Structure formats: C-alpha cells, structure tokens
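Student: how would this look folded up:
(chains A and B)
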Amino acid sequence: MSFPVSGSQYYTLDGLNTINVELLNPLGYFANYAITIEAPTIDDLTTSIGDEPSFTLPDFLAWCPPFQEFFQDEENSSLYNLFVAFLNIAKLKVRWTIIQEKSVWKRLVALYIGHYMEINIRAIKDEENRLSLVNEEPNPSESRHLEYEVGGEVFKDFRATIYGAQFWYEYEPFGRFVGGLWGTTIL
Amino acid sequence: MAIPTYDKLTRPTIDKYMTYDYNEHRYIALVDGILKDAYVSLVTDWGGKTNAQSYLDLVSRVIYETILSYKDEKYKNTMLYYMAHSKKMRIEIQKIFYDTVWYNRRDGGFMMAYNSGANLNQGKLIEFGIDKALSTIAKQIIKNSPLGTRYMTVDINEKQIFASLTTLLAYLVSEGYITSDESDVVALSEDIEDLPYTEDYQLLELENDRYLFTNIKSINSYVESMWIYDNANGTW
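Tutor: Here you go, the predicted structure:
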C-alpha cells in the first residue's frame, strides 16, 4: 500500500500489508474488497510530473562542450555508440521521477554521461599501451601514470572526474535512494 | 554510412599531384605536383625525373610509418583505410609531403633519421630516431588532425539509424542477417531481444523508438577488399 491518491483504489491479497488488513476485517475474511478514499488525497504522481523528457546529443553537449568535436559526425563518430549506451544507463540512474524538473534532470544526465565518457576516453587513449600486443618496454623516464584505478583508491566515486564531481554535488541527496549509486557499488 | 558522405572517397584519388600504391596502401607525391605547389624542382636536385620520383616513394613510406607510429598496431588497417578514403586526410597528407620535401632540403629529414654514430670518447651510440624524420611543422600538422590521435575519431563501421522497428527488421531480412520468420517473431513481440543471437552487428535503442545498427565486422570486409584491386578498370 502506498500514499492514497484520488479515486477508488482496489486492493487484493498480493502483499503482507493487505493480508494484515484482511485479518483485521471481520466481514471479508480472505475476500477482495474496495476502499474509496474521499480525503485526504494527493494527485497521482505519474500524472502530476508527466512523462520523462527526451534527451538528445545537443542536450549532452550543452553541459559538456569539450566533447563537441568528438560528435561532429553524430552517429558516424567513433564515440557515438558509447554515448547511447551511457544514456540508457543514465536514465536508470538519474530517475526522472525523483528529480521532476526538466532542466535539472537534463543537466544531471549530461554530467553523468560526461563522467563516464571522461574515464572511457582515458581508457581508450591507453597511453601506457596496456591494451597493446606490441612488445614495447616502457621507458621509465617517459612512462605516464594513470590517475584512475577502477576498484582502487583513486577512482572511488564520482569525484574522480570534473563532470562526476559536478554531478555528485547536485545528485548526492537523491542518489542514496537510487539503487546502484550509493554504497559499495561505487566504492 | 561510415565515413561521412561529405568526406568519403569511394577509392583513393589519383591526379597530377599524387598517385597511390595499392600494394602498400599509401599515397605518393608526384614530381610535377611538388614543383607546382612546393616550388621545389626535384628533377634538378636528383638529376632526373626517375630519381626524383623514387625519392618521393621513399618519403611516402617514411611519412606513413611516422603517422602510424602515433597509433597502436591494432588500429593499422583501420587507419590505412581511413587515410585512403577521406578527402580531409588526403589534403593533410599532401601538406605533409610538401613540408617534408622542404625539410629534406634543409638540415634534417628522413635521411637523417637513418643516421647513427658512435662517440668513441664517451662510448655512447648516437641515434636520431623517428622524431627526426618529419619537421616540427609536419608533426604539428599530424597532431592538428585525426592523423595524430591514438584512437579514430570517425567510426568506419557501417552504421545506419532506423526510424522504426519495421524498417529495421526489413533491413535485417534484406541483408540476410535474419529470416522472414525470425522477423515476424520480433515484429509480434516488439522486443529486439527476441532477435537471434549474433556476433555480426550491434543494435542500440535510441530515443523515439529509433534504432542504431552498427556492422561491427565492417573492417573485415574492407581489409579483404583492400587487397583486391583490378588495374584493368580501376575498381576494388
């Protein structure tokens, strides 16, 4: 059972709460019943906030302009597929039903994508040639140190990148209610 | 589409400025073009047109190897394909040719990169390395273009966006990825997860029920066709 909303609500024996209510009902032992709540009621949440807005590539570039050159050929850009994949996840992590404000939601989705895009570009550059099959011994004087380490100490939360820091500053109060963004998943 | 239409060459362009070596897959500057655009008479310098052209052949190999040194070996085929089929890259390569010819006439150049020596007093070997093969300007031309990136900026895989599931399924059937019966199953369920297992393409759902199709084996077909060139009619 959730917050009562306007109109008639129909309850069945599909949860512990309804079973408990049923046990207290002397007239309807294990029977379906309808309850009409006249007051107090609030509007249906999904009706009041509307559908999730669309999020496009220009929305992303508005908040993360350094990536513009990477996407000048749109779907023909080498990072476009990565952008789409992150967008699909970002919509799950940055819930529209939690933010409920179009501009803020778009900014948070953009920053979330920007955070992981920054990390992936570092990985793609692979300046230490870790993903190369070429047998090149690193030159100690020229070897570069990667500043992130997944699962290690440096990359331990969204503060590891410029966009991640902005994202988490805004989203931290909400993030604890979203699965996968709080606790050991990130740390 | 893969390389954008405005930039794509169906095959390497051969004109009076540059020719193309289909065995090694590289452009080679021509003596007349160097004279016209770089204002250098290589015929005079090298004592004949044949010698001068042979010299430009060597310059071409050095330029290509230097450009490829910016990327890992795993991107070599992709990069060679892009350099052969991009109008923008052709211009950049031409600029590097002109600059390198000038550089070789001065105190540096690819001949210097081959040199080495020993300092017997200090017991040290002196090597110049690949960074001396091109001039500072040529290296900057590379860095200012996708030639100098460690990863391709353009996705050369064949990609297409479909406005609906119906058009996507029609394409997959027409290209032989799935059968009509398999298409009917997905059309009924309206779920692309019902498509048969494949390792040939990638499908991503976009906004407004659109779909992005990517043929992730494009480079295989490109590489296979790169080695088959018909000199008789000039087609791949």
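
Student: What is the burial count for residue 59?
Tutor: Defaulting to chain A. By the measure other Cβ atoms under 10 Å in any protein chain shown, the count of residues near A:Asp59 is 18. (Glycine included, C-beta is placed from N, CA and C.)

Student: Actually, chain B is the one I wanted.
Tutor: There are 25 residues near B:Val59, going by other Cβ under 10 Å.

Student: is the helix or strand hosting it up against chain A anywhere?
Tutor: Element membership for B:Val59 (DSSP states H and E) is helix B:49-68. No - judged by Cβ under 8 Å from any Cβ of the partner chain, helix B:49-68 stays clear of chain A, getting no closer than 11.6 Å.

Student: starting at the chain centroid, how far to that helix?
Tutor: The chain centroid and the centroid of helix B:49-68 are separated by 17 Å under Cα atoms, centre = their mean, to the nearest Å.

Student: Which neighbouring elements make contact with it?
Tutor: strand B:26-29, helix B:31-33, helix B:42-46, helix B:76-85, helix B:87-105, helix B:110-114, helix B:136-143 (3 or more Cβ pairs under 8 Å, 6 or more residues apart in numbering or on different chains; DSSP states H and E).

Student: buried stuff in that helix?
Tutor: For helix B:49-68, burial by neighbour count (16 or more other Cβ atoms under 10 Å in any protein chain shown) applies to B:Ala52, B:Gln53, B:Tyr55, B:Leu56, B:Val59, B:Ser60, B:Val62, B:Ile63, B:Tyr64, B:Thr66, B:Ile67, B:Leu68.

Student: Now do the contacts for the second one.
Tutor: This points to B:Gln53. B:Leu30, B:Val31 (Cβ atoms under 8 Å, 6 or more residues apart in numbering or on different chains).

Student: Please report the confidence value the model assigns to it.
Tutor: Predicted confidence (pLDDT) for B:Gln53: 95.

Student: can you list the domains in the chain?
Tutor: Looking at chain A here, since you left the chain open. With domains defined by automatic domain parsing, chain A comprises A:1-42, A:50-130+A:137-175.

Student: nope, chain B
Tutor: B:18-148, B:158-215.

Student: got CSV for the ones you listed, with distance to A:Trp105 too?
Tutor: What follows is the domains of chain B, written out as CSV (distance: least, Cβ to Cβ, whole Å):
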stretch, distance to A:Trp105
domain B:18-148, 34
domain B:158-215, 14
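
Student: Closest residue of chain A to chain B?
Tutor: A:Ser78 (4.2 Å; Cβ to the nearest Cβ).

Student: Confidence-wise, which of the domains of chain A is weakest overall?
Tutor: The weakest mean pLDDT among the domains of chain A belongs to domain A:1-42, with a mean of 66.

Student: what does chain A have sitting close to chain B?
Tutor: A:54-56, A:69-70, A:73, A:75-78, A:80-81, A:84-85, A:88, A:124-127, A:129, A:131-134.

Student: Residues in contact with the longest helix along chain A: which ones?
Tutor: If you go by DSSP state H, chain A has its longest helix at helix A:102-125. Helix A:102-125 is contacted by residues A:53, A:55, A:59-60, A:62-64, A:67, A:79, A:82-83, A:86-87, A:90-91, A:93-94, A:96, A:99, A:146, A:148, A:155, A:158, A:160-164, A:166-167, A:170-171, B:150-151 when judged by Cβ under 8 Å, 6+ apart.

Student: 7 Å - rerun?
Tutor: Identification of contacts with helix A:102-125 by Cβ atoms under 7 Å, 6 or more residues apart in numbering or on different chains yields A:53, A:55, A:59-60, A:62-64, A:67, A:82-83, A:86-87, A:90-91, A:93-94, A:96, A:99, A:148, A:158, A:161-164, A:166-167, A:170-171, B:150-151.

Student: from these, which ones fall inside helices?
Tutor: Mapping these onto helices (DSSP H) picks out A:59-60, A:62-63, A:82-83, A:86-87, A:90-91, A:93, A:96, A:99, A:162-164, A:166-167, A:170-171.

Student: in chain B, which ranges drop under the pLDDT threshold?
Tutor: B:1, B:107-113, B:115-116, B:225-231, B:234-236 (pLDDT under 70).

Student: how close does the residue in it positioned nearest to chain A get to A:Gly175?
Tutor: Per Cβ to the nearest Cβ, B:Asp155 is where chain B lies closest to chain A, at 4.2 Å. With distances taken as Cβ to Cβ, to the nearest Å, B:Asp155 is found 32 Å from A:Gly175.

Student: One more: B:Glu182?
Tutor: Distance, B:Glu182 to A:Gly175, using Cβ to Cβ: 41 Å.

Student: between these two, which one's more packed in?
Tutor: Counted by other Cβ under 10 Å, B:Glu182 and A:Gly175 do not tie: A:Gly175 has more neighbours, with 20 against 16.

Student: follow-up on the earlier one: can you get me a residue count around the residue of chain A closest to chain B?
Tutor: 20.

Student: Contacts only, for it.
Tutor: B:Tyr151, B:Met152, B:Thr153, B:Val154, B:Asp155.

Student: So which bits of chain B are right by chain A?
Tutor: B:1-2, B:4, B:72-74, B:150-155, B:159, B:161, B:202, B:204-208, B:212, B:214 (Cβ under 7 Å from any Cβ of the partner chain).

Student: mind redoing it with 6 Å?
Tutor: Residues of chain B lying close to chain A (Cβ under 6 Å from any Cβ of the partner chain) are B:1, B:4, B:72-73, B:150-153, B:155, B:159, B:161, B:204, B:207.

Student: Report the two of the residues you listed separated the most.
Tutor: Farthest pair in the residues of chain B next to chain A (Cβ to Cβ) is B:Glu73 and B:Glu207. Separation: 37.5 Å.

Student: before we move on, back to that, can you lay out the residues of chain B next to chain A as TSV showing neighbour count and secondary structure?
Tutor: Shown next, in TSV, are the residues of chain B next to chain A (neighbours: other Cβ atoms under 10 Å in any protein chain shown; DSSP: H, G, I helix; E, B strand; the rest coil):
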residue	neighbour count	secondary structure
B:Met1	15	coil
B:Pro4	17	coil
B:Asp72	18	coil
B:Glu73	12	helix
B:Arg150	13	coil
B:Tyr151	16	coil
B:Met152	18	coil
B:Thr153	17	coil
B:Asp155	21	coil
B:Lys159	22	strand
B:Ile161	15	strand
B:Leu204	20	strand
B:Glu207	12	helix
